[in-house]
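Q: just coords:
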């Protein structure tokens, strides 16, 4: 039965088309003087849906039975999806070492978009293959969550350096002012769908809560939501080791202007539609199938509310060991709160070559997907310009039917 999932599952894919678990450049850019940077990154990952399926669905191409089956066989009772898109500018000023000053300051402006979901395997199978496969059975579609969040961020902060001879300690903090653009929180508490063995009827027992911001088009400075966030950073560097910790995006956005809540808790017995004359379908039947009437028949109630959304904040810890002058090995752990996220662990290397050219690699597990292979390139041109680019999901570019994540990032930095 597609009636129950018709208005749920498209959100998961139309909004999801993850981000590199890296430390913020406003804390790690320590070159004396001023640095102006521009960055862009995006990523999508899943524990069950492969990249070829993502690409085919996004482009609107035909999804054949073989491609569906490649996902069906990997779905479990709980499946994850995640998406991030970020771009913006930042400026950092670090004092010259000769000045004996220890305080740096920075400012950044970014556009942020995030989506995440957990969903039942039966939900995916029902939406893409119908309910015939569950004849005489109950499909469990509930315990599905979807979050979508889009906002603009203005960040101001400072960092402090303590040089203790054999070690350097850097502590940083930043406060962000947030302008909410769009938000949707969907929680399908339960959706048990029983299909009669002979296809004579369908019984649905469902309960759903939806909260969403004002989705009307507004001017640039109109406030649909507002909030704040805190970032903290601690870095300890010794001769052959570096320890870093960062808490990022710890905050919220309050949605108070024309926000609304839609919810239901109902049981439906559906025996189909009665059509007396197939060639003379009247307005009464057409009107009975419009969105408002379906919403009413399924027991949905909509009301105006104000609510707050926590940001998908991240805790990131990493240890780096310098084995040689031109080689470093790292291991790290990251976790996102309020984001349907699985713990993310990784190991990686960074090789330094001549002419200020670096290559870094990473093997990771967790997050919104399973395994992830990263490859990044960095090149500094003279003293005035540096470029970083790469992907945390190299496998998604090479084996699209077996890989579950794809993404890329690029950062440009100018020094003056």
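A: It's in. In this text, all values refer to a predicted model and were calculated from it rather than measured experimentally. Residues are numbered from 1 along each chain as shown.

Q: can you pull up the most central residue in this structure?
A: residue 83 (3.1 Å; CA atoms, centre = their mean).

Q: how about low-confidence regions in the stretch 1-150 of the chain?
A: By pLDDT under 70, the low-scoring segments of the stretch 1-150 of the chain are 1-21, 98-100.

Q: where along it do the strands fall?
A: All strands of the stretch 1-150 of the chain, identified by DSSP state E, counting those that start in this stretch, fall at 33-46, 79-94, 103-119, 138-140, 144-163.

Q: coming back round to it: check the gap between the residue nearest to the centre of the chain and residue 40 for me.
A: Separation of residue 83 from residue 40 (CB to CB, to the nearest Å): 15 Å. In this view, the C-beta of every residue, glycine as well, is placed from N, C-alpha and C.

Q: do the same with residue 326
A: 29 Å.

Q: now do stretch 316-326, average pLDDT.
A: Average pLDDT, stretch 316-326: 93.

Q: need the contact partners of it.
A: 21, 23, 239-248, 328-334, 351-353 (CB atoms under 8 Å, 6 or more residues apart in numbering).

Q: strands of the stretch 301-416 of the chain, start to end?
A: 301-304, 307-310, 314-324, 327-336, 342-353, 357-367, 371-381, 385-391, 405-415.

Q: helices and strands around the first one, which ones?
A: If contacts are counted by 3 or more CB pairs under 8 Å, 6 or more residues apart in numbering; DSSP states H and E, strand 301-304 sits against strand 260-270.

Q: the strand it packs on: partners in the sheet, and parallel or antiparallel?
A: strand 202-212 (antiparallel), strand 301-304 (antiparallel) (DSSP bridges).

Q: which of these sits most buried?
A: For the strands paired with strand 260-270, the largest average neighbour count (mean count of other CB atoms under 10 Å) is found in strand 202-212, namely a mean of 18.

Q: what about the lengthiest strand in the chain, distance to the chain center?
A: When the chain is parsed with DSSP state E, its longest strand is strand 167-195. Computed by CA atoms, centre = their mean, to the nearest Å, the chain-centroid distance of strand 167-195 equals 9 Å.

Q: just checking, what packs against it?
A: Against strand 167-195 (3+ CB pairs under 8 Å, 6+ apart) you get helix 25-28, helix 121-129, strand 138-140, strand 144-163, strand 202-212, strand 225-238, strand 241-255, strand 307-310.

Q: which residues touch residue 335?
A: By CB under 8 Å, 6+ apart, residue 335 lies in contact with 314-315, 341, 343-344.

Q: tell me the one of the residues you listed nearest residue 139?
A: residue 341 (26.3 Å; CB to CB).

Q: on that earlier part again, could you dump the contacts of residue 335 into TSV and include distance to residue 72 and neighbour count?
A: Below are those laid out as TSV (distance: CB to CB, whole Å; neighbours: other CB atoms under 10 Å):
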residue	distance to residue 72	neighbour count
314	32	20
315	34	16
341	24	20
343	26	12
344	26	21
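
Q: pick out the most distant pair among these.
A: Across these, the two lying at the largest distance from each other (CB to CB) are 314 and 343, at 11.6 Å.

Q: anything in contact with each of these two?
A: 334-335.

Q: and the closest residue to residue 385 other than its chain neighbours, how many residues sit next to it?
A: Leaving out its chain neighbours, the residue that sits closest to residue 385 by CB to CB, 6 or more residues apart in numbering is residue 414, at 5.5 Å. By other CB atoms under 10 Å, the residues close to residue 414 number 12.

Q: can you pull the pLDDT of residue 414?
A: With respect to pLDDT, residue 414 scores 97.

Q: who does it form a beta bridge with?
A: residue 36, residue 385.

Q: neighbour count for residue 326 and residue 40, which is higher?
A: residue 40 (15 against 12).

Q: nearest spatial neighbour of that one, skipping sequence neighbours?
A: Per CB to CB, 6+ apart, closest to residue 40 is residue 87, 4.3 Å.

Q: verify the stated contact: the one you found with residue 39.
A: Yes: in this structure, residue 87 is within contact of residue 39 by CB atoms under 8 Å, at 6.6 Å.

Q: compare these two (neighbour count), which wins?
A: Comparing residue 87 with residue 39 by neighbour count (other CB under 10 Å), the higher total belongs to residue 39, at 20 against 14.

Q: that one contacts residue 408, doesn't it?
A: No: between residue 39 and residue 408 there is no contact under CB under 8 Å: 11.6 Å.

Q: flag the shaky bits of the stretch 201-350 of the chain, pLDDT-wise.
A: In the stretch 201-350 of the chain, residues with pLDDT under 70: 220, 273-294.

Q: could you redo the last one with a cut-off of 90?
A: Along the stretch 201-350 of the chain, the model assigns pLDDT under 90 to residues 215-223, 239, 256-258, 270-300, 324-325.

Q: isn't residue 397 up against residue 406?
A: Yes: contact criterion CB under 8 Å: residue 397 and residue 406 qualify, at 6.7 Å.

Q: mutual contacts of the two, please.
A: residue 391.

Q: more neighbours: these two, which one.
A: Each of residue 397 and residue 406 has its neighbours counted (other CB under 10 Å); residue 406 has more, 23 against 15.

Q: for the more buried one, list each beta-bridge partner.
A: Beta-bridge partners for residue 406, by DSSP bridges, are residue 44.

Q: ditto for the one 4 residues further on
A: Applying DSSP bridges to residue 410 gives these bridge partners: residue 40, residue 389.

Q: contacting residues for it?
A: Counting by CB under 8 Å, 6+ apart, residue 410 has contacts 39-41, 387-389.

Q: name the nearest of these relative to residue 49.
A: Distances from residue 49 to these, taken by CB to CB, are shortest for residue 41, at 20.5 Å.

Q: what about that closest one, neighbour count?
A: Neighbours of residue 41 (other CB under 10 Å): 21.

Q: residue 404 now?
A: Neighbours of residue 404 (other CB under 10 Å): 27.

Q: that one contacts residue 53, doesn't it?
A: No: using CB under 8 Å, residue 404 is not in contact with residue 53, being 9.3 Å away.

Q: relative to residue 175, how far out is the residue nearest to residue 181 when sequence neighbours are not counted?
A: Computed as CB to CB, 6+ apart, the closest residue to residue 181 that is not its neighbour in sequence is residue 150, at 4.2 Å. Noted for residue 150: a distance of 21 Å to residue 175, by CB to CB.

Q: the two: which has the busier surroundings?
A: Set side by side, residue 150 and residue 175 show more neighbours around residue 150, with 20 against 14, by other CB under 10 Å.
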